[in-house]
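A.B. asks: pasting a predicted model and its sequence here:
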Amino acid sequence: MALQVGDTASQTKTITDKDIYTFADLVDDHNPVHLDDAYAQKTRFGRRIAHGMLSASLISAVLANQLPGEGTVYLSQTLQFVAPVFPGDTVTARVTVIKVREDKGIITLQTLCTNQSDEPLIKGEAVVLAASTN
């Protein structure tokens, strides 16, 4: 089945404390705004927030596992972080095809992450190379 403008896919995940601490160790980002309740309480957010790239990585999962799917390779991704993700938030990453360049297998997708209240968290655009099925 060929991809068409308007095709969409999504994935939802609740961001846990374990996710945040594991991500911090994985990428060696130990910013106290993510890990220290007392520190984070004094910030503009009033409590700890998840790493922005943790939530953004859910976009990659949708691209790799659903749309376009297996073998997809990132060419570029823009990200605009518009609201924080807090521990316990349920994040839905959604991708929507906005352009298909069939001759090269290049797909451009709108990317959006929202929380459980459908508030936008991350907006952007991905350009990917879809795997050849030939």
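C.D. replies: Good, I have the coordinates. Numbers count the residues shown, from 1 in each chain.

A.B. asks: burial check on Asp103, number of neighbours?
C.D. replies: Neighbour count of Asp103, defined by other C-beta atoms under 10 Å: 6. Where you see a C-beta, it was placed from the backbone N, CA and C, and this is true even at glycine.

A.B. asks: before we move on, what about Ala24?
C.D. replies: Applying other C-beta under 10 Å, we find 17 other residues in the vicinity of Ala24.

A.B. asks: check Gln41 too.
C.D. replies: Using other C-beta under 10 Å, Gln41 has 11 neighbouring residues.

A.B. asks: skipping adjacent residues, who's closest to it in space?
C.D. replies: Closest residue to Gln41 in three dimensions, ignoring its sequence neighbours and counting by C-beta to C-beta, 6 or more residues apart in numbering: Arg47, at 6.3 Å.

A.B. asks: try His30
C.D. replies: In space, not counting the residues next to it along the chain, His30 is nearest to Ala24; the distance is 5.4 Å by C-beta to C-beta, 6+ apart.

A.B. asks: which residues touch the closest residue to Ile20 other than its chain neighbours?
C.D. replies: Beyond its immediate neighbours in the sequence, the residue positioned closest to Ile20 (C-beta to C-beta, 6+ apart) is Ala50, lying 5.3 Å away. By C-beta atoms under 8 Å, 6 or more residues apart in numbering, Ala50 lies in contact with Ile15, Asp19, Ile20, Phe23, His34, Pro84, Val85, Phe86, Pro87, Asp89.

A.B. asks: gap between the last one and Thr114?
C.D. replies: For Asp89, the distance to Thr114 (C-beta to C-beta, to the nearest Å) stands at 10 Å.

A.B. asks: with the third one instead?
C.D. replies: Going from Ile20 to Thr114 by C-beta to C-beta gives 19 Å.

A.B. asks: any idea of the pLDDT on the residue nearest to Gln41?
C.D. replies: What the model reports for Arg47 is a pLDDT of 97.

A.B. asks: that one - how many residues pack around it?
C.D. replies: When neighbours are counted by other C-beta under 10 Å, Arg47 registers 12.
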